[in-house]
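Asks: Give me a 3D structure for the following:
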Amino acid sequence: MNASTVFSSLAELGKREPGPVLLAIGMFDGVHRGHRAVLDLAVNEGKAHDGLVAALTFPEHPAKSLRPGKEPPLLMDPSTKSEALLACGVDCVVMKPFDESLSEVPPGEFPSYLKKKIPGMVGICVGENFHFGKDREGDADFLKEIGSEKGLGICVADGVLEGGKPVSSSRIREALAGGEIKSVNRMLGFSYRGDGLVVSGNRLGREIGFPTLNLPWSPEARPAFGVYLVKASFPDGKTVHGVANYGVRPTVEDDGVEPLFEVHLLGQEDYSARQPGDRLYLDLLSFLRPEKKFESLDALKSQIARDKAEAVRLAPGI
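Replies: Below is the predicted model:
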């Protein structure tokens, strides 16, 4: 049973799926290792019940509704998160906007609220730090108690540790902003990725001997501005390591420009084969140095040469 569908409401799922439903609930921002512990538990329970596994999440952080202006920046947009959740083995995603009606549900009525929307729901899977209901008064232990009273199986996944501390989206955001990309990747369980369409540049890179592919990238939770060892992937299946500056190019640009990746590919890459409008995926592997403003183009060129040499040293197989 595999719907592989994204729904916008619980009721929509309930109408479409009359059979047993296991519901994994969480913000799931980043779909990191801790989230995957919840999702793995849900998928296993779904198999045991011969049922459909759905992930209930939100396109925006609930804090945007509860504490406007104080919500954290997101690691993933809704589309990317849906794809990542489906890749973890759930059958469908409910991307429900978080609204006042949900925030006002008393904790003791939360399972009944879900069951009314999804009559076939037989179980709920959450993480150990899960909170729910009005004023977030309900926790995982309380969910176990009231869920069993409703005949629901409640699964609570243990937290996943990295460096002796629980993996969390907030830790990942902090590490990402600090340039700690290796720590970010360990907590995610995969390499942090940016993607989009290549755009035309000012061709300055070609003039100084380091041609680049330019990729605008401005997610809510941005990586630290600086130079990275990256792995570039293209829709034709080719992958190649590169050295990329992410930021606002202070040596050659005025203030106020949007951040982008300038990617210099390592090896004998034919840049003419990559055109503006082509899709490019970038996995960030190592942080080499912060972005800085240089006093001259010659100084910039010398530093890029050193960055390239360091990237070559670090890149496997080069």
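
Asks: From here on, just use CA atoms for contacts and neighbour counts.
Replies: Will do.

Asks: Okay, buried residues for the helix or strand bottoming out on mean pLDDT in the chain please.
Replies: When each helix and strand of the chain is scored by mean pLDDT, DSSP states H and E, helix 204-207 comes last, with a mean of 74. Buried residues in helix 204-207, defined by neighbour count with 16 or more other CA atoms under 10 Å: Gly205.

Asks: which residues are contacting it?
Replies: With CA atoms under 8 Å, 6 or more residues apart in numbering as the test, helix 204-207 has contacts from 211-212.

Asks: heads up, I number from 554, so please use that
Replies: Right, with 554 as the first residue, what we last looked at is helix 757-760.

Asks: how about the CA coordinates for that helix, as PDB?
Replies: What follows is helix 757-760, C-alpha atoms only, in PDB (Å, rounded to 0.1, in the frame of the first residue of the first chain):
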ATOM      1  CA  LEU A 757      35.000  37.600 -13.700                       C
ATOM      2  CA  GLY A 758      36.000  34.100 -12.800                       C
ATOM      3  CA  ARG A 759      36.900  33.300 -16.300                       C
ATOM      4  CA  GLU A 760      38.900  36.500 -16.600                       C
END
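
Asks: ok, then the element right after that helix?
Replies: Once the chain leaves helix 757-760, the next helix or strand it forms, by DSSP states H and E, is strand 766-769.

Asks: The next helix or strand after that next one pairs with which strands, and in what direction?
Replies: Counting by DSSP H and E, the element after strand 766-769 in chain order, helix or strand, is strand 779-786. Strand 779-786 has the following sheet partners, assigned by DSSP bridges: strand 792-800 (antiparallel), strand 832-843 (antiparallel).

Asks: Export only the CA atoms of the longest one, formatted as PDB.
Replies: Spelled out, it's strand 832-843. Extracted in PDB, the C-alpha atoms of strand 832-843 (Å, rounded to 0.1, in the frame of the first residue of the first chain):
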ATOM      1  CA  ARG A 832      19.800  22.400 -12.700                       C
ATOM      2  CA  LEU A 833      22.700  22.000 -10.300                       C
ATOM      3  CA  TYR A 834      22.800  20.200  -6.900                       C
ATOM      4  CA  LEU A 835      25.500  21.000  -4.400                       C
ATOM      5  CA  ASP A 836      26.400  18.900  -1.400                       C
ATOM      6  CA  LEU A 837      28.500  20.900   1.100                       C
ATOM      7  CA  LEU A 838      31.300  18.700   2.500                       C
ATOM      8  CA  SER A 839      33.900  20.900   4.300                       C
ATOM      9  CA  PHE A 840      34.200  24.500   5.300                       C
ATOM     10  CA  LEU A 841      37.500  26.000   4.200                       C
ATOM     11  CA  ARG A 842      37.300  29.600   5.400                       C
ATOM     12  CA  PRO A 843      34.900  32.500   5.900                       C
END
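
Asks: For whichever helix or strand comes after it, buried residues please.
Replies: For strand 832-843, the following helix or strand on the C-terminal side (DSSP H and E) is helix 850-867. Within helix 850-867, the residues scored as buried using 16+ other CA under 10 Å are 853-854, 857, 860-861, 864-865.

Asks: Identify all contacting residues around helix 850-867.
Replies: Here helix 850-867 makes contact (CA under 8 Å, 6+ apart) with 761, 763, 780-782, 795-796, 804, 819, 841, 847, 871.

Asks: Give the rounded mean pLDDT of it.
Replies: Averaging pLDDT along helix 850-867 yields 93.

Asks: about what we covered before: just among the contacts of helix 850-867, which is most surrounded?
Replies: With neighbours defined as other CA atoms under 10 Å, the most crowded of the contacts of helix 850-867 is Val796; it has 31 neighbours.

Asks: That one bridge partners, please.
Replies: Counting by DSSP bridges, Val796 is bridged to Leu782, His817.

Asks: doesn't Val780 make contact with it?
Replies: Yes - applying CA atoms under 8 Å, one finds Val796 in contact with Val780, separated by 7.0 Å.

Asks: about what we covered before: tell me how far the least confident helix or strand of the chain is from the chain's mean position?
Replies: The chain centroid and the centroid of helix 757-760 are separated by 33 Å under CA atoms, centre = their mean, to the nearest Å.

Asks: from memory Leu594 sits against Ala710, does it?
Replies: Yes - using CA under 8 Å, Leu594 is in contact with Ala710, at 6.9 Å.

Asks: Could you name every residue contacting both of the two?
Replies: Here Leu594 and Ala710 share the contacting residues Cys678, scored by CA under 8 Å, 6+ apart.
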